[in-house]
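**Student:** Structure of the sequence below:
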Amino acid sequence: VGLMKDTDSGSRRGFVLLMLSIFIYRLSPNYGPGYDWWTTVHLGFDQQMQGYTRIISALSGVVALYLMRNFFVSSSSIKSLIGINLGALLTCIPPILVYYFGIYPKTLLLIDSGVASALSSLSMVPLGIVIAQYAPKHSRSMYLSLTASLANMSLLGSDLISKQINGKWIVTR
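**Tutor:** Okay, here's the model as predicted:
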C-alpha cells in the first residue's frame with residue numbers, strides 16, 4: 001500500500017478495505033469432505049453426476065463474468081462486493097432445503113454448484129477494477145499478483161478452518 005504514492009489516502013484505505021473484504025470472503029469455511037460423501041452416498045450422485053457438477057461449475061464462472069460485465073463497470077466496488085456476498089449467503093439455502101426437506105436434490109445441488117463457482121470467479125473482479133483505477137501504472141502487475149497471492153492464502157485458510165470445524169463437530173454414518 002505504501003507504493004500508491006500518487007493517489008490519496010482515501011483510495012489507499014478503500015483498496016485495503018476491499019482487499020481485506022475479499023480475503024475474508026474467500027476465508028469463509030466450505031462444507032468439507034462430509035458434504036461430498038453425503039451427495040455421493042446418501043443422494044446417490046454417481047460419477048457422471050459429479051462430472052456434470054464440475055462442468056457446470058467451470059462454465060458458470062465464465063458465463064457469469066460475461067453477463068455481469070456491465071454491472072461491474074458501472075457500479076462501485078462496494079456494491080459489487082455486497083452483491084457477491086448476498087449471493088454467497090443465498091448459496092447456503094439449497095443444501096439446507098435438500099437435507100431437511102428433500103426437495104429436488106439433484107436439480108438444487110446442480111444450481112448451487114453453478115452459482116457458488118460463479119461467485120468465486122466474480123469475487124476477484126472488483127479487486128481487479130480497483131487495481132486498474134488506483135494502482136500506479138508501473139506497479140499494477142505487482143498489486144495484482146500480491147492480491148492473488150492473498151486470495152490463495154485465504155483459500156488455504158478456508159480449508160484449515162473447515163478441517164477444524166469438521167474435527168470439532170464429527171458427523172458419522
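**Student:** Relative to the whole chain's centre, how far out is stretch 129-142?
**Tutor:** A distance of 22 Å separates the centroid of the chain from that of stretch 129-142, by Cα atoms, centre = their mean, to the nearest Å.
**Student:** can you check stretch 53-62 too?
**Tutor:** For stretch 53-62, the distance to the chain centre is 13 Å (Cα atoms, centre = their mean).
**Student:** quick one: buried residues of that stretch?
**Tutor:** Neighbour counts using 16 or more other Cβ atoms under 10 Å place Thr53, Ile56, Ser57, Ser60, Gly61 of stretch 53-62 among the buried residues. (C-beta placed from N, C-alpha, C; glycine too.)
**Student:** What ranges in the protein fall below the confidence cut-off?
**Tutor:** Applying pLDDT under 70 to the chain flags residues 1-11, 32-33, 171-173.
**Student:** I'd say Tyr35 and Pro95 touch.
**Tutor:** Yes. When contacts are counted by Cβ atoms under 8 Å, Tyr35 is listed as touching Pro95 (7.2 Å).
**Student:** Report the central residue of the protein.
**Tutor:** Here the mean C-alpha position of the chain is nearest to the C-alpha of Ser120 (Cα atoms, centre = their mean), at a distance of 2.7 Å.
**Student:** Skipping its backbone neighbours, what lies nearest that one in space?
**Tutor:** When the adjacent residues along the chain are set aside, Ser120 lies closest to Gly61, with 6.9 Å between them (Cβ to Cβ, 6 or more residues apart in numbering).
**Student:** Let's see stretch 146-157 as CSV, backbone CA atoms only.
**Tutor:** In CSV, the C-alpha atoms belonging to stretch 146-157 read as follows (Å, rounded to 0.1, in the frame of the first residue of the first chain):
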residue,chain,number,x,y,z
LEU,A,146,0.0,-9.6,-4.4
THR,A,147,-3.8,-9.7,-4.1
ALA,A,148,-4.0,-13.0,-6.0
SER,A,149,-1.5,-14.5,-3.5
LEU,A,150,-3.5,-13.2,-0.6
ALA,A,151,-6.7,-14.7,-2.1
ASN,A,152,-4.9,-18.0,-2.4
MET,A,153,-3.7,-17.8,1.2
SER,A,154,-7.3,-17.2,2.3
LEU,A,155,-8.4,-20.3,0.4
LEU,A,156,-5.8,-22.3,2.2
GLY,A,157,-7.1,-20.8,5.5
